[in-house]
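Asker: Can you look at this prediction? I've put the sequence above it.
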Amino acid sequence: MDNSQMRYEALHPLVEDILNQLSEKIGVNTLFFALNDLNSNFVVKAINHGKELIEEGTTHVFQHVLCKLVIDETDGKIQINELLANPMTSHHPVTQTLGNGSFLGVAIKNANNEKIGTLCAFDDKPYEFSETELEMIENYADIISKSISVETYVIKDALTNVYNERYMNRLISSVSSQPTFLMVLNLDNFHAVNAKYGYRIGNQVLQEIASRLKYVAIPEHVVGRMDGNEFIILAPFEQADISDQGRSFAKLVIEAIEQPILNLADEPIRLTASSGVSLLTGDHMNRQTQVYAAEALMQQVKLDGKAGTLFVDQQREVEQHPFNHVLEQELDQALERGQFELYYQRIFNAKLGRTVAVEALLRWNHPVLGFVSPADFISIAERTGKFSQIGHFTIAQALSDSVRLETELGRPVTISINLSASQFKSDEMLADLLQFSNCSSFKKDRIVLEIREEVLQIGKRKVIERLEILRRAGYRLSVDHFGSHYASLNSLLRLPVQSVKLDPIFTRRLVQNQLEQSMVQSVYSLTQALGISLVIQEVETSAQFQHILAVGDPLYVQGHYMHHPQPVANLIADFSKTIHTQDV
């Protein structure tokens, strides 16, 4: 089936959630999700009650399954309450095998609007499907289809179907405490393959190499194509140094690449690779250094004659920027000296031009160093244990400013606050948030907590529990940097969030890149299907804004094109009289 059973593996948790929800509402024995390629039908996920009518993970001849009837229908849906009573199914192989039964199916479509699978309810006895049940399955099928479209743009390389450069960079940036094996490799003399066999064969070679790397025997590894003939491999590591395990991983990769590629040309195609290997850790500065080190080692192998692997020397001391020591010393007294303040940037309804909320942005205004970027001081604050105090200040100040805004403007203003991964995981921060929610100045749904997408990788159950606690306390919830990872797409169905903010990388490329435009449209369609608001952030130009307006309505925007962040006093001074109290 051309590995289609693995093609959308990242969607499996989402599909499982959908099947579980449908099983609570539709009284049939079996619910399942299948992918097909017009030759075979692969059952990706299945839930059976009582009898195992459909076995998860099995492949069936497409011509012999009821799913074919769904794909053949123009509108991609079919409802049969009694198989023996319907001329399409009275003599069908499924009916002959199981006897009279019932079937309801809706087609699943990919980003190109092609029918690639089905979401189905099935039983070996008649069942009266209601219009409500049909609409329910249609709605969930639409969510799966839109999720597949988003997946296509967010994480997959179109040629090789492994992860793309953007997603691999996000995975690298999200490495936390567990050491992670990193291998950067470049296929040697690949230009000669294109020159000798042509680009069509060259592309097939890349697809074959990607497939081999994907199935190499390294536990829990992921593979990405960075650019052209360069690939990258990440895998969790059991130890804090490269040593024997890292060399074993690298050996498996190189052996997979060097196996002759058959049946693409008149002769076997043989390849070698140049590669560099390093170890990623949770330390941000060291992590970036190790990424550069792996790339530099790969280039060194190229210069030394190719077809080899170099490993990072972990004994070499990594130099830190001397400015960090100064920031660490100054940060210790910054709160006491009142050097932190909040700036606010408006969030607008794109079509109506009305302000619907403001985002609180932390600023460190040092009397000598000037404005210090959060990118420079937040990692230091987390490392030195100061971030909990800074987080407490941010929430307290935002609540105070919320009261001030309402008092001076005569109307409520929603304030959005960003929580880092460490803050969200912190029991101390959770206690702070709950304590703040009991203050008399706290108003329900007035404060939005933005949780970055990588936080959703902590553990689904724990994340949902914590989000539900915060939601019950009266906070609104938003997923920030949507599309930078994949956890949120799998979890959005059950997360108690009211909005998502798209990763700014899509905004930056929106005007020049048709792929980004399609991505934004797909995310918008998905959020609409889920009943969640979408915010496009870092809108900097008129051209970006015009593209966003064409996506749909309602849609929300934030960025310097509409408004530059400013202190609360300045915000009050020029706040628009057309402020709208709708929440995002």
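Answerer: Alright, I've got the coordinates. Numbering: from 1, shown residues only.
Asker: Isn't residue 93 up against residue 64?
Answerer: Yes: taking contacts as C-beta atoms under 8 Å, residue 93 lies within contact range of residue 64: 4.6 Å. Just so you know, the C-beta spots here come from the backbone N, C-alpha and C atoms, and that holds for glycine as well.
Asker: all strands of the stretch 201-350 of the chain, in order?
Answerer: Taking DSSP state E, counting those that start in this stretch to define them, one finds strands in the stretch 201-350 of the chain at 222-227, 230-236, 273-280, 308-311, 340-349.
Asker: winner for burial among these?
Answerer: Mean neighbours per residue, mean count of other C-beta atoms under 10 Å, is largest over these for strand 273-280, with a mean of 25.
Asker: what helices or strands is that one leaning on?
Answerer: Helices and strands touching strand 273-280, as assessed by 3 or more C-beta pairs under 8 Å, 6 or more residues apart in numbering; DSSP states H and E, comprise strand 180-187, helix 243-258, helix 284-303, strand 308-311.
Asker: any idea which of these is most buried?
Answerer: When the helices and strands packed on strand 273-280 are scored by mean count of other C-beta under 10 Å, the highest mean neighbour count falls to strand 180-187 (a mean of 23).
Asker: Can you list the buried residues in the next helix or strand after that one?
Answerer: Toward the C-terminal end, the helix or strand that comes next after strand 180-187 (DSSP states H and E) is helix 190-197. Counting neighbours by 16 or more other C-beta atoms under 10 Å, one finds that the buried residues in helix 190-197 are 190, 193, 197.
Asker: Go through these and name the one nearest residue 443.
Answerer: Closest approach between the buried residues of helix 190-197 and residue 443, by C-beta to C-beta: residue 190, at 60.4 Å.
Asker: so who does the closest one touch?
Answerer: Residues near residue 190 by C-beta atoms under 8 Å, 6 or more residues apart in numbering: 202, 205, 228, 229, 271.
Asker: what about this protein, any weak spots by pLDDT?
Answerer: 1-10, 176-177, 239-241, 282-289, 314-324, 454, 457-460, 484-491, 515, 576-584 (pLDDT under 70).
Asker: Residue most distant from the centroid, it?
Answerer: Distance from the centre of the chain peaks at residue 85, with 45.2 Å (C-alpha atoms, centre = their mean).
Asker: mind listing what that one touches?
Answerer: By C-beta under 8 Å, 6+ apart, no residues touch residue 85.
Asker: I'd like the distance between it and residue 102.
Answerer: For residue 85, the distance to residue 102 equals 10 Å [C-beta to C-beta, to the nearest Å].
Asker: List the buried residues of the helix or strand where residue 170 lies.
Answerer: Applying DSSP H and E as the criterion places residue 170 in helix 165-173. Residues of helix 165-173 classed as buried: 166, 167, 168, 169, 170, 171, 172 (neighbour count, 16+ other C-beta under 10 Å).
Asker: Show me what that helix is packed up against.
Answerer: Using 3+ C-beta pairs under 8 Å, 6+ apart, the elements in contact with helix 165-173 are strand 222-227, strand 230-236, helix 284-303.
Asker: contacts for the first one?
Answerer: The contact list for strand 222-227, computed with C-beta under 8 Å, 6+ apart, reads 157, 159-160, 162-165, 167-168, 171, 184, 206, 210, 213-214, 231-235.
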